[in-house]
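In: Model the following, please.
(one chain, ligands or ions: 3)
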Amino acid sequence: MQTLTLTRPDDWHLHLRDDAALASVVAHTAAQFARAIVMPNLKPPVATVADALAYHGRILAALPAGSGFQPLMTLYLTETTTPDEIRRAAAEPAVVAFKLYPAGATTHSDAGVKSLEALYPVLEAMETHDLPLLVHGEVTDPAIDIFDREAVFIDRHLIPLAARFPGLRIVLEHATTREGVEFVRDAGPRIAATLTAHHLLYNRNALLVGGVRPHFYCLPVLKRESHRLALLQAATSGNPKFFLGTDSAPHPRGGKESACGCAGCYTAHAALELYAEAFEAAGALDQLEAFASFHGPDFYQLPRNQGTVTLERRAWRAPESFPFGAETLVPLRAGEPLAWRRAG
Ligand SMILES: NC(=O)N[C@@H](CC(=O)O)C(=O)O
Ligand SMILES: [Zn+2]
Ligand SMILES: [Zn+2]
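Out: Ligands and ions are numbered 1, 2, ... in the order given. Predicted coordinates:
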């Protein structure tokens, strides 16, 4: 196959940051995706409908002229989120979901939630208004090994949560383990997962063999090969519970290449190309369109997109870096070859 034309896809998990950083990255996403779920982990977090609408306006203002890209906004759940805020969100079409970060689990998550019980009234309101809960599914218990934090989160928190709120739609964001995809696969139709390109392409050797490679460091951390294979199987299975979410998470070079580097891989410059590579390696390019363009809108109860995007088999090298406000951003695969390239 030399070209691949897909219904225009969406990115169901994206970090755009703000201000000059936002202006540096948003065009990469808008060039290939019609819509994206924009994560609310700014500092301070996007915690109210008013915050989300203001951020929505800043994203639209940062888009290239003529772009029809549509940001889908999320609110950051804190221990002071009220059921009233859920009602306001339900009445605002630009806000489509709520994000749960266990406190301390990842980048800018210190405002996150320490006790899920404290959120029950809010989760009940989300269930009533049918607003999905998006979850960073890792425990922060210092006694739990970092490679086990997703599996333990599922056992300790996600299984009980799904049982207690049977009508709540839940997305296990950036699933990285066999346990994660098995939980989602075996749960009811209101439980889904996003899968990143980097977790489909790489295992933890990419991070640790031959030197520590900070641009492969993200959370949840890359896992062993058996987990990668389970994710790839889920992504290419045609199961509508699994859909594309890049988790493209830009950080300045200095924040990554550091004695204590930040978590996050930047993939928005070549997202669809990277997914195509993963699907092709699995012999499943024919499944890419459903994963990238159909399953997400169906889960979010939004229309599928109208236009198309075309990939060509044409070798190229990803840029070594991009400007990032006044700093520099090193993308995944910097300076390395990619097999697929978007046409036009
Ligand atoms: N994935 C990451 O490693 N980092 C994300 C946060 C997140 O999605 O957990 C970020 O905002 O940098
Ligand atoms: Zn996360
Ligand atoms: Zn993320």
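
In: Give me the longest strand you can find in this structure.
Out: strand 308-317 (DSSP state E).

In: Which strands border the helix or strand just after it, and is each parallel or antiparallel?
Out: For strand 308-317, the following helix or strand on the C-terminal side (DSSP states H and E) is strand 322-324. Using DSSP bridges, strand 322-324 pairs in its sheet with strand 327-329 (antiparallel).

In: what are the pairing partners of the next helix or strand after the partner strand, and which direction each?
Out: Reading on from strand 327-329 to the C-terminus, the next helix or strand found by DSSP H and E is strand 337-342. With DSSP bridges as the test, strand 337-342 is paired with strand 308-317 (antiparallel).

In: Can you list the buried residues in the partner strand?
Out: Judged by neighbour count using 16 or more other C-beta atoms under 10 Å, the buried positions of strand 308-317 are 309, 311-312. Just so you know, the C-beta spots here come from the backbone N, C-alpha and C atoms, and that holds for glycine as well.

In: can I get those in TSV with distance to Ala36?
Out: Compiled in TSV, the buried residues of strand 308-317 are given as follows (distance: C-beta to C-beta, whole Å):
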residue	distance to Ala36
Val309	14
Leu311	19
Glu312	23
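
In: Show me which of the residues you listed is closest to ligand 2.
Out: Among those, Val309 lies closest to ligand 2 (C-beta to the ion), at 25.8 Å.

In: does the closest one really touch Asp10, like I thought?
Out: No: under the criterion of C-beta atoms under 8 Å, Val309 is not in contact with Asp10, lying 11.1 Å apart.

In: Name all residues that make contact with the closest residue to Leu116 other than its chain neighbours.
Out: Sequence neighbours aside, His157 is the residue nearest to Leu116 in space, at 6.0 Å (criterion: C-beta to C-beta, 6 or more residues apart in numbering). Residues in contact with His157, defined by C-beta atoms under 8 Å, 6 or more residues apart in numbering, are 116, 137, 139.

In: Scan these and report the most crowded one.
Out: The most crowded member of those, judged by other C-beta atoms under 10 Å, is Gly137 (29 neighbours).

In: Could I get the contacting residues of that residue?
Out: By C-beta under 8 Å, 6+ apart, the contact set of Gly137 is 150, 153-154, 157-158, 172-173, 175, 180, 220.

In: Any of the residues you listed buried? List them.
Out: Those of the contacts of Gly137 that meet the buried threshold are 150, 153-154, 157-158, 172-173, 175, 180, 220, by 16+ other C-beta under 10 Å.

In: Reformat the residues you listed as TSV; add distance to ligand 1, pLDDT and secondary structure.
Out: What follows is those, written out as TSV (distance: C-beta to the nearest ligand atom, whole Å; pLDDT from 0 to 100; DSSP: H, G, I helix; E, B strand; the rest coil):
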residue	distance to ligand 1	pLDDT	secondary structure
Glu150	11	98	helix
Phe153	13	98	helix
Ile154	16	98	helix
His157	16	96	helix
Leu158	16	97	helix
Leu172	12	98	strand
Glu173	7	98	coil
Ala175	12	99	coil
Gly180	14	98	helix
Pro220	8	98	coil
